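S.K.: turn this into a structure:
(2 chains, ligands or ions: 2)
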Amino acid sequence: MVLAIKLDNVSTVYEGEKRPAIRDITLSIREGEIVYVVGPNAAGKTTLLETINGLLPVFRGSVRVLGLDVRKHGRKVRCQIGYVPQDFMVNSNEPYRTIDVVLMGRCGKVGVLRRLSKVDKEKAIEAMKLLGIEDLANRPIGKLSGGQQQKAMIARALAKDPKILLLDEPFSNLDPESRERLSELISRLNKERNVTVVVVTHDVQQINNSCSRIVVMNNGRIIADGKLEDIVEAAEKILPINFWRSL
Amino acid sequence: MIWLNYTIFQRVIIGCIFTGLLTGLLGVFVVKMRLTAIGYSIAHSAFAGAALGLALLADPLMTALLFSIATALLIGPAADKAKLPIDTITSIAFSLNMALAFIFLTLAPTVGLSSEVASVLWGSIVAITNRDLFFLVVLTSIVIALVYLFWKEIFTIMFDRRMAEADGINTKPFIYFTILMVGVVIAFSLRLVGGILVYALLFNPASSALQFSHDMRKIIVLSPILGVISCISGFFLSLVFNVPIGSSIVLISTIMFAISVIISPKKRREVRT
Ligand SMILES: Nc1ncnc2c1ncn2[C@@H]1O[C@H](COP(=O)(O)OP(=O)(O)OP(=O)(O)O)[C@@H](O)[C@H]1O
Ligand SMILES: [Mg+2]
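M.R.: Numbering: from 1, shown residues only, chains lettered A, B, ... in the order given. Ligands and ions are numbered 1, 2, ... in the order given. Now for the predicted structure:
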């Protein structure tokens, strides 16, 4: 069994804070899993994702991603992780075209002192096609709608051919049809390219059959982790019963 | 109208070209990497440094360089770690630097040096030396070479630093190097525009260029051009009206900014029906 992500007793404390935002997290995610992370606001979901990709420094415990210690090899790890942040919004005057932004996803992977090549550009266009935004390639990114911008950020994450995808509420700005398409896209990438996916969402409708696991967080801790049937009981304590019934 | 000896004239024109190029180029990074507050602090500490140089009868360029690099090294990491809000640091640093600068200026032995005091305050064309030009040319070449080599990273960081990190780019060296360069370039530009106004050279051309285009690749070329135009036309303006060159450069670059806002293609509506 190959582990894509392994957290051991991890706590993350924001600078200037006394309380850890996530505490004593132990979590293993196998390669090729799709894991949904749910929980109320301020549960620590975003913090968990940014601890996994090393954007936030680990305060205690160890984080290993693709066999590497994130504390030591953060950048190498991040080149393999497609990260879509929650609610990333662009200033309407931002002087970048959409294709430029999608291409940025490849920069770390290509490495310093190397130019982006035709292959990189093809990857970026392919990623935009997957999201159905290839028509927007030459539009200034700031002039796109919120949902279009979100798709561009997802395309940026996909452009790097990631081994792991961390998606923080990727459905939030999307219309029902786009949500459905994204959901299918996630399953497809998972099946065809064996991409490990961690999705934070409040939108339980999107948790479909392809999902192998649900992790429920509250107050900085994981309070339940498993298949849907296994977690309902624990999860009911923090989220209303209808929430889970609706699944 | 002032008539200049040809060598001085030549020197000033070259100084204007390279100062305008450098500040215009760096200015885009400063604005897009959200380092304007830091640039502001560095500019005023360079001013204080130059004033100290006058008081100590030392070379103002060297003391300005010392002050601005020290500030860059101090403020850069502090602002980076967000230990204190950058606005707070900037406001306090601004007033402190101004206070220091004025103390140093009053301490400066004024006899026969008042023109030097004036040059530190408002800039002066006769203050530029061949050594300054040499450093300016070297600096410009280094900066342009680095921008060429690391364009991909700089381009990405200017869009969003955190996302650049998330894509595996090490952003710290770029940010710190930009801050350091700002320190050096400000110290060198101080001669031309003077300590009080040097900041405008970093900010105005870049802000104007950002109004003009939707494409970062064009902005990065346009801003240095606007910088050069500001410096050279400011120079002629100062000759014609016999006003300090620093002020006339700032006037020109401000007018340029106003024009860029008015004719900005970003503000134009193109309705097709
Ligand atoms: N930059 C920060 N500095 C200090 N504390 C923070 C910061 N960001 C988040 N926190 C705190 O950490 C805790 C977890 O926040 P986090 O953003 O991970 O929650 P979340 O589960 O993603 O919530 P949401 O559903 O609202 O996105 C919260 O108590 C929050 O106040
Ligand atoms: Mg969140």
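
S.K.: going forward, measure contacts and count neighbours with C-alpha atoms only.
M.R.: Fine.

S.K.: where in chain A is pLDDT low?
M.R.: For chain A, the stretches flagged by pLDDT under 70 are A:1, A:205, A:208-211, A:238-247.

S.K.: ligand 1 contacts on that one?
M.R.: A:14, A:21, A:40-47 (Cα under 6 Å from any ligand atom).

S.K.: filter these to the buried ones?
M.R.: Buried members of these, scored by 16 or more other Cα atoms under 10 Å in any protein chain shown, are A:21, A:43-47.

S.K.: okay, now B:Ile14: neighbour count?
M.R.: Counted with other Cα atoms under 10 Å in any protein chain shown, the neighbours of B:Ile14 add up to 17.

S.K.: how about the residues of chain B that lie near chain A?
M.R.: Contact residues (Cα under 8 Å from any Cα of the partner chain) of chain B with chain A: B:149-150, B:152-153, B:156, B:159, B:164-170, B:210, B:213-216, B:266.

S.K.: out of the residues you listed, which end up buried?
M.R.: Among those, those buried by neighbour count (16+ other Cα under 10 Å) are B:150, B:152-153, B:156, B:159, B:164-170, B:210, B:213-214, B:216, B:266.

S.K.: can you show me the helices along chain A?
M.R.: Ranges of helices in chain A, per DSSP state H, are A:45-52, A:70-78, A:98-104, A:107-110, A:118-131, A:146-159, A:176-193, A:228-236, A:241-245.

S.K.: and for the stretch 1-150 of chain B?
M.R.: According to DSSP state H, counting those that start in this stretch, the stretch 1-150 of chain B carries its helices in the segments B:6-32, B:36-55, B:60-80, B:86-107, B:114-122, B:130-149.

S.K.: want to throw the ones you listed into TSV with mean pLDDT and distance to A:Arg179?
M.R.: TSV is the format used below for the helices of the stretch 1-150 of chain B (pLDDT from 0 to 100; distance: least, Cα to Cα, whole Å):
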stretch	mean pLDDT	distance to A:Arg179
helix B:6-32	93	33
helix B:36-55	90	39
helix B:60-80	85	37
helix B:86-107	85	39
helix B:114-122	78	60
helix B:130-149	94	40
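
S.K.: for the ones you listed, which one sits closest to B:Gly234?
M.R.: Nearest to B:Gly234 among the helices of the stretch 1-150 of chain B is helix B:6-32 (9.1 Å), distances taken as Cα to Cα.

S.K.: list the buried residues for the closest one?
M.R.: B:8, B:11-32.

S.K.: elements contacting it?
M.R.: Secondary-structure packing of helix B:6-32 (3 or more Cα pairs under 8 Å, 6 or more residues apart in numbering or on different chains; DSSP states H and E): helix B:130-149, helix B:151-159, helix B:172-193, helix B:198-212, helix B:216-241.

S.K.: can you list the domains in chain A?
M.R.: A:1-80+A:163-247, A:89-162 (automatic domain parsing).

S.K.: and the shortest one with chain B, contact?
M.R.: I take that to be domain A:89-162. Yes. Applying Cα under 8 Å from any Cα, one finds domain A:89-162 touching chain B at A:93-97, A:101, A:104-109, A:112-113, A:115-116, A:140.

S.K.: repeat that for the longest one.
M.R.: Yes. In terms of Cα under 8 Å from any Cα, part of domain A:1-80+A:163-247 sits within range of chain B, namely A:53, A:55, A:74-79.

S.K.: closest to A:Asp230 among the residues you listed?
M.R.: Once Cα to Cα is applied, the member of the residues of domain A:1-80+A:163-247 next to chain B that ends up nearest A:Asp230 is A:Asn53, at 27.6 Å.

S.K.: run a quick neighbour tally on the closest residue to the closest one other than its chain neighbours.
M.R.: Of all residues not flanking A:Asn53 in the chain, A:Arg78 sits nearest, at 5.9 Å (Cα to Cα, 6 or more residues apart in numbering or on different chains). Neighbourhood size, A:Arg78 [other Cα under 10 Å]: 26.

S.K.: likewise for A:Arg115?
M.R.: When neighbours are counted by other Cα under 10 Å, A:Arg115 registers 14.

S.K.: now do the one 4 residues further on
M.R.: When counting by other Cα under 10 Å, one arrives at 9 neighbours for A:Val119.

S.K.: thought B:Val182 was touching B:Gly39?
M.R.: Yes. If you go by Cα atoms under 8 Å, B:Val182 and B:Gly39 touch, sitting 6.6 Å apart.

S.K.: could you list the low-confidence segments of the stretch 151-273 of chain B?
M.R.: B:267-273.

S.K.: what helix or strand is the closest residue to ligand 1 within it on?
M.R.: At 12.5 Å from ligand 1, B:Arg162 is the closest residue in the stretch 151-273 of chain B, using Cα to the nearest ligand atom. In this assignment (DSSP states H and E), B:Arg162 forms part of helix B:161-166.

S.K.: what residues does that helix touch?
M.R.: Residues outside helix B:161-166 that contact it (Cα atoms under 8 Å, 6 or more residues apart in numbering or on different chains): A:53, A:55, A:75, A:78-79, A:82-83, A:104, A:108, B:33, B:153, B:156-157, B:170-171.

S.K.: closest to A:Val65 out of those?
M.R.: A:Asn53 (7.9 Å).

S.K.: and the closest one, what does it touch?
M.R.: Listed by Cα under 8 Å, 6+ apart, the contact partners of A:Asn53 are A:65, A:70, A:74, A:77-78, A:81, B:166.

S.K.: most neighbours among the residues you listed, which one is it?
M.R.: A:Ile81 (29 neighbours).

S.K.: I'd assumed A:Leu167 was in contact with it.
M.R.: No. Using Cα under 8 Å, A:Ile81 is not in contact with A:Leu167, being 10.2 Å away.

S.K.: got any residues that touch both of the two?
M.R.: Shared contacts of A:Ile81 and A:Leu167, defined by Cα under 8 Å, 6+ apart, are absent.

S.K.: before we move on, back to that, from the buried ones among the residues of chain A next to ligand 1, pick the one nearest A:Leu228.
M.R.: Nearest to A:Leu228 among these, counting by Cα to Cα, is A:Lys45 at 18.2 Å.

S.K.: tell me the contacts of that closest one?
M.R.: Counting by Cα under 8 Å, 6+ apart, A:Lys45 has contacts A:37-39, A:200, A:217.

S.K.: again, only this time at 7 Å
M.R.: Taking Cα atoms under 7 Å, 6 or more residues apart in numbering or on different chains, we find A:Lys45 in contact with A:37, A:200.

S.K.: equivalent analysis for A:Asn218, please.
M.R.: Counting by Cα under 7 Å, 6+ apart, the residues that A:Asn218 touches are A:39-40, A:43.

S.K.: closest to A:Val10 out of those?
M.R.: The closest of those, once distances to A:Val10 are taken by Cα to Cα, is A:Ala43, at 14.9 Å.

S.K.: from A:Pro20, how far off is that closest one?
M.R.: Using Cα to Cα, to the nearest Å, A:Ala43 is found at 11 Å from A:Pro20.

S.K.: find the residue at the geometric middle of chain B.
M.R.: By Cα atoms, centre = their mean, chain B has its centre lying nearest to B:Leu202, at 3.5 Å.

S.K.: please consider this matter closed, and thank you.
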